[in-house]
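Novice: Need a 3D model of the sequence below.
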Amino acid sequence: MNNILDKGSLESLRRMIADSDRIVLTGHVRPDGDAVGSTLGLWHLLTRLGKRASVVMPDQPPRSLAFMPGFKEVSVFTRHEDFCRRLIGEADLIICCDFNKPSRQDSLGPVVAEADCRKVMIDHHQDPDAFCDLTFSYPDMSSTCELMFRIIAGMGYYMEMNLESATCLATGLITDTRNFTVNCRNPEVYEVLMHLLEKGVDKERIVREALLAQSMDSLKLHAYAIMEKLEIVEPMRAAIITINSEELARFHYERGDSEGLVNKPLNVRGIVSSFFLREDDDCIKVSARSVDNFPVSEVCERLFGGGGHRQAAGAEFHGTLEECRRMLIEALPSFKHYLPHKLDKLEY
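Specialist: Got it, this is the predicted structure:
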């Protein structure tokens with residue numbers, strides 16, 4: 001595996017960790033497998049090194065990740081604000097994982113930004129803000145968990161990594177690559193997986209729990225969304241699913257129940273992009289995925305001020321669900337030049 005990380009930065013991080021006693025690890029709002037995996041993966045290592053480490057998330061991670069070792073130790077800002085503020089206020093070091101801008105933490109962002117301690121960013125998204133004392137930003141990485149593994153190994157801590165740490169890192173690696181179907185063109189990502197498997201990681205369980213397992217209500221919601229709410233913008237080979245709050249309530253929606261829904265239309269031969277618009281209490285949540293290198297990140301950024309990866313992005317829209325849907329449909333033709341020159345026949 002090529003050593004692409006800056007040795008000076010690795011040594012700086014190692015010294016920061018050595019000089020710190022209380023360390024807070026934190027991720028982005030609506031934390032996914034990569035955010036939870038990278039923070040918990042490092043948390044397990046730091047506790048083995050004798051550090052008083054804590055994981056603080058802006059809001060509750062989805063229940064699909066509850067199998068991860070240490071999941072119950074995650075402190076949630078929206079549930080225990082005073083406790084989380086105290087952890088951050090007492091920290092010697094804050095390590096920001098899987099996000100590149102304070103705004104990606106919603107109301108937790110200003111609390112982290114105002115903390116009077118050193119801060120480190122470990123992330124794989126494009127165009128990071130300069131809000132940390134030390135930054136590891138590698139957009140070509142498959143996931144922040146891949147980057148975290150490389151950092152841990154680069155600091156010389158691979159032998160101290162236990163099964164619990166490896167399981168968390170493998171979870172982020174597997175979920176962000178959709179079980180190695182996207183963002184994994186670099187063959188070294190499989191070498192990272194190999195090293196994690198050497199620690200005893202149960203890959204089948206991670207795939208089953210994090211990607212496949214659903215409640216009956218979640219399964220019914222997915223079936224309803226595909227049968228009743230899926231529409232195709234045929235000239236753009238785009239799929240759009242819209243779900244309003246009443247429909248969510250009908251299926252007793254809980255956080256994480258719609259996870260993976262946006263990917264389903266991409267299984268249809270000929271579909272290039274897929275958009276899922278979900279009505280929440282204060283906004284419309286936009287999730288977007290694509291194949292054939294279609295830039296859904298640019299769509300989300302230009303229309304809604306969002307962003308992400310080229311083929312996996314998201315945003316928030318402050319308006320009605322129908323306004324969001326119509327804006328998307330009307331704007332999609334302006335991205336037609338990004339479509340592949342040769343398109344598969346759309347199979348109905």
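
Novice: Could you use CA atoms for every contact and neighbour count after this?
Specialist: Noted.

Novice: What is the burial count for Ile271?
Specialist: Residues within reach of Ile271, counting by other Cα atoms under 10 Å, total 24.

Novice: Ok, Leu193 next?
Specialist: When neighbours are defined as other Cα under 10 Å, Leu193 has 19 of them.

Novice: In three-state terms, label it for me.
Specialist: helix (DSSP: H, G, I helix; E, B strand; the rest coil).

Novice: Let me know the average pLDDT across stretch 339-348.
Specialist: The average pLDDT for stretch 339-348 rounds to 86.

Novice: what comes into contact with it?
Specialist: Stretch 339-348 is contacted by residues 236-237, 268-272, 292, 294 when judged by Cα atoms under 8 Å, 6 or more residues apart in numbering.

Novice: ChimeraX command to pick out the buried ones of these?
Specialist: Buried residues among these (16 or more other Cα atoms under 10 Å), as a ChimeraX selection:
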select :236,237,270,271,272,294
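
Novice: closest to Arg104 among the contacts of stretch 339-348?
Specialist: Minimum distance to Arg104 across the contacts of stretch 339-348 is 23.4 Å, recorded for Phe294 (Cα to Cα).

Novice: Would you confirm that Ala170 belongs to a helix?
Specialist: Yes - assessed with three-state DSSP, Ala170 lies in a helix.

Novice: all helices of this structure, in order?
Specialist: In the chain, the segments counted as helices under DSSP state H are 7-19, 33-48, 81-90, 108-114, 144-154, 163-176, 188-198, 203-206, 216-224, 245-250, 296-304, 321-331.

Novice: could you redo the ones you listed as CSV and give each row mean pLDDT?
Specialist: Compiled in CSV, the helices of the chain are given as follows (pLDDT from 0 to 100):
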stretch, mean pLDDT
helix 7-19, 97
helix 33-48, 98
helix 81-90, 98
helix 108-114, 97
helix 144-154, 98
helix 163-176, 98
helix 188-198, 97
helix 203-206, 98
helix 216-224, 97
helix 245-250, 97
helix 296-304, 95
helix 321-331, 98
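
Novice: what's the average pLDDT for stretch 22-29?
Specialist: Averaging pLDDT along stretch 22-29 gives 97.

Novice: how far does that stretch sit from the chain's center?
Specialist: A distance of 14 Å separates the C-alpha centroid of stretch 22-29 from that of its chain, computed with Cα atoms, centre = their mean, to the nearest Å.

Novice: what's the burial count for Met57?
Specialist: Look at Met57: counted by other Cα under 10 Å, it has 25 neighbours.

Novice: All set, thanks.
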